[in-house]
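Visitor: model the following, please.
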Amino acid sequence: MIRKIIKIDEEKCNGCGACAAACHEGAIDMVNGKARLMREDYCDGLG
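Guide: Numbers count the residues shown, from 1 in each chain. Below is the predicted model of the structure:
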């Protein structure tokens, strides 16, 4: 299976944190009120 690494558009991010809460791998974190992919190696692309 090929992993699909997500892309986060910080311009469109409203800072709600839903994506960080939904990421079971802990790859997404909130930084200065915006979502950021912190660990690409943790991302399984499944959401």
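Visitor: I'd guessed residue 29 sits against residue 21; true?
Guide: No: contact criterion CB atoms under 8 Å: residue 29 and residue 21 do not qualify, at 10.7 Å. For the C-beta atoms, the positions are set from N, CA and C on the backbone; glycine is no exception.
Visitor: show me the helices in this protein, by range?
Guide: For the chain, the helices defined by DSSP state H cover 18-22.
Visitor: what sits against the residue positioned nearest the centre of it?
Guide: For the chain, residue 28 is the residue whose C-alpha lies nearest the centre (CA atoms, centre = their mean; 3.5 Å). Going by CB atoms under 8 Å, 6 or more residues apart in numbering, residue 28 touches 6, 8, 19-20, 35-38.
Visitor: need the nearest residue in space to it, chain neighbours excluded.
Guide: Spatially, and ignoring its direct neighbours in sequence, residue 28 is nearest to residue 20 (4.5 Å; CB to CB, 6 or more residues apart in numbering).
Visitor: what do you get for residue 45?
Guide: In space, residue 45 is closest to residue 4, 3.6 Å off (CB to CB, 6+ apart).
Visitor: where does pLDDT dip in the protein?
Guide: 1, 3, 46-47 (pLDDT under 70).
Visitor: count of neighbours near the closest residue in space to residue 43 that isn't next to it in sequence?
Guide: Closest residue in space to residue 43, ignoring its immediate chain neighbours: residue 27 at 4.3 Å, by CB to CB, 6+ apart. Using other CB atoms under 10 Å, residue 27 is surrounded by 20 other residues.
Visitor: I'd guessed residue 27 sits against residue 36; true?
Guide: No: using CB under 8 Å, residue 27 is not in contact with residue 36; the gap is 9.7 Å.
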